[in-house]
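Colleague: any chance you could fold what I've pasted below:
(2 chains)
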Amino acid sequence: MEWRLDGEAPIWAQLVENVKRGIASGLYGPGDRLPTVRDMAVEAGVNPNTVQRALAELEREGLVYSQRTSGRFVTEDASAVAAVRKELAEAKTRAYLEAMADLGYSREEIVSMVDGKSKKEEN
Amino acid sequence: MAILKCAALTKKYGRAPALEGLDMAVEPGRIVGLLGPNGSGKTTLIKLANGLLRPSSGQILVDGREPGVETKKLISYLPERTCIPGWMSGEGLMGFYADFYADFDRKAASDMLARLDIDPRAKLRHLSKGNREKVQLIMVMARKARLYLLDEPIGGVDPAARDYILGTIISNYNPEAAVVISTHLIADVEKILDDVIFISRGRMLLSASADDVREKHGKSVDEVFREVFKC
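Modeller: Residues are numbered from 1 along each chain as shown, chains lettered A, B, ... in the order given. Okay, the predicted model is just below:
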């Protein structure tokens, strides 16, 4: 997957976001085995301990579970996957609305712009 | 127990101090960035750990011992300048390393050379400068050492080579070992660091986990470094 990491937030927290994005988008499907810590670290270009910490957080949140010998897997709980997808979508929406408000757009203008854009793309 | 420990470590060249009363420790299982501007004492510290220099005062211990024959078995060292002999081939060089170091994994080394499409029979002086640097790193990382001391492993390489070097470090170091990477190119390495140590003029300014630095300052380690060392 394509890892998006920038400077500011702690890297483990950014890795959590990235894996959540992978789960929400279906790249990592329910019950899929995740890459090993080492492979994920090499792929994302980060420290294996940091990946470990991110996966522990995902386990704590119930999105990932580990099986002693065979590795880590994505949860099979469809409602947990749906919830994470919604959480990410809401965060994106919040960020979008804030950016538009900064540019001085009103609710109505934003709605009509989104509507106009999606109609254009349909045609 | 710390694999590398310095207490009041001081090294002077003539009158000029390169390190002054440095206290620090590196724990096993960590990738540590030894970060400081040019002339801050990074290379001096690494040479002291390798027993290539002797402290003027204070102490440096590797796995609880003073640097010497025994500690050289534990340390895999990448010097600042490439020092592999040009008249040797990759094959010859691997034999050389295997003779010197009991922990050298020849198969791992030759797999890595093959992945780079380097002909093991070619003389090393016929390789490009970039490939010679990679060959040296491969030799260093193919050892199953307890402490890797990498002095400026990414100085002056292109971004693709840098990714290759960092990937090679991550995929080869053993999780019980510690890796110390000295550099002033923080942005390039900060994602792979567990801990950071800032040194300046031979003294330690900061020692913390990289994520703690980011969390505390709300900035990348690179930005914090630029602020601390603003000219």
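Colleague: only C-alpha atoms for contact and neighbour calcs from this point on.
Modeller: Fine.
Colleague: dump the residue contacts of the residue nearest the centre of chain A.
Modeller: Residue closest to the average C-alpha location in chain A (Cα atoms, centre = their mean): residue A:21, at 2.3 Å. Residues in contact with residue A:21 (Cα atoms under 8 Å, 6 or more residues apart in numbering or on different chains) are A:85, A:88.
Colleague: for it, give me phi and psi.
Modeller: phi -60, psi -40 (degrees, to the nearest 10).
Colleague: same check, this time on the one 3 residues further on
Modeller: Backbone dihedrals for residue A:24, given as degrees, to the nearest 10, come out at phi -60, psi -40.
Colleague: hang on, the earlier thing: how near is the residue nearest to the centre of chain A to residue A:27?
Modeller: According to Cα to Cα, to the nearest Å, residue A:21 and residue A:27 sit 8 Å apart.
Colleague: could you identify the longest helix within chain A?
Modeller: If you go by DSSP state H, chain A has its longest helix at helix A:78-102.
Colleague: can you point out the buried residues in that one?
Modeller: Buried residues in helix A:78-102, counting neighbours by 16 or more other Cα atoms under 10 Å in any protein chain shown, are found at A:80-81, A:84-85, A:97.
Colleague: same question, stretch B:143-152
Modeller: Neighbour counts over stretch B:143-152 (16+ other Cα under 10 Å) mark B:143-152 as buried.
Colleague: so which of these is the closest to chain A?
Modeller: Chain A has its nearest neighbour among the buried residues of stretch B:143-152 in residue B:148, at 15.1 Å by Cα to the nearest Cα.
Colleague: mind checking the SS state of the closest one?
Modeller: With DSSP: H, G, I helix; E, B strand; the rest coil as the basis, residue B:148 sits in strand.
Colleague: where does it land on pLDDT?
Modeller: Looking at residue B:148, its pLDDT reads 96.
Colleague: what about the strands in the chain?
Modeller: Unless you meant another one, I'm taking chain A. All strands of chain A, identified by DSSP state E, fall at A:64-67, A:71-74.
Colleague: wrong one, I was asking about chain B
Modeller: Under DSSP E, chain B gives strands at B:4-13, B:16-26, B:31-35, B:57-62, B:75-78, B:147-151, B:178-183, B:195-200, B:203-209.
Colleague: would you list these in a markdown table and tack on distance to residue B:161?
Modeller: Below are the strands of chain B laid out as a markdown table (distance: least, Cα to Cα, whole Å):
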| stretch | distance to residue B:161 |
| --- | --- |
| strand B:4-13 | 29 |
| strand B:16-26 | 27 |
| strand B:31-35 | 19 |
| strand B:57-62 | 31 |
| strand B:75-78 | 16 |
| strand B:147-151 | 16 |
| strand B:178-183 | 16 |
| strand B:195-200 | 23 |
| strand B:203-209 | 26 |
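Colleague: out of those, nearest to chain A?
Modeller: For the strands of chain B, proximity to chain A was assessed by Cα to the nearest Cα; strand B:31-35 is nearest, at 7.6 Å.
Colleague: which strands or helices does the closest one pack on?
Modeller: Secondary-structure packing of strand B:31-35 (3 or more Cα pairs under 8 Å, 6 or more residues apart in numbering or on different chains; DSSP states H and E): strand B:178-183, strand B:195-200.
Colleague: check the offset of it from the chain's centre.
Modeller: Centroid separation for strand B:31-35 versus its chain: 8 Å, with Cα atoms, centre = their mean, to the nearest Å.
Colleague: tell me the residues of chain A that contact chain B?
Modeller: By the rule Cα under 8 Å from any Cα of the partner chain, the part of chain A lying against chain B is A:7-12, A:38-39, A:41-42, A:45-50.
Colleague: so residue B:87 makes contact with residue B:126?
Modeller: No: between residue B:87 and residue B:126 there is no contact, the gap being 9.1 Å when judged by Cα atoms under 8 Å.
Colleague: for residue B:61, list each beta-bridge partner.
Modeller: Beta bridges link residue B:61 to residue B:5 when assigned by DSSP bridges.
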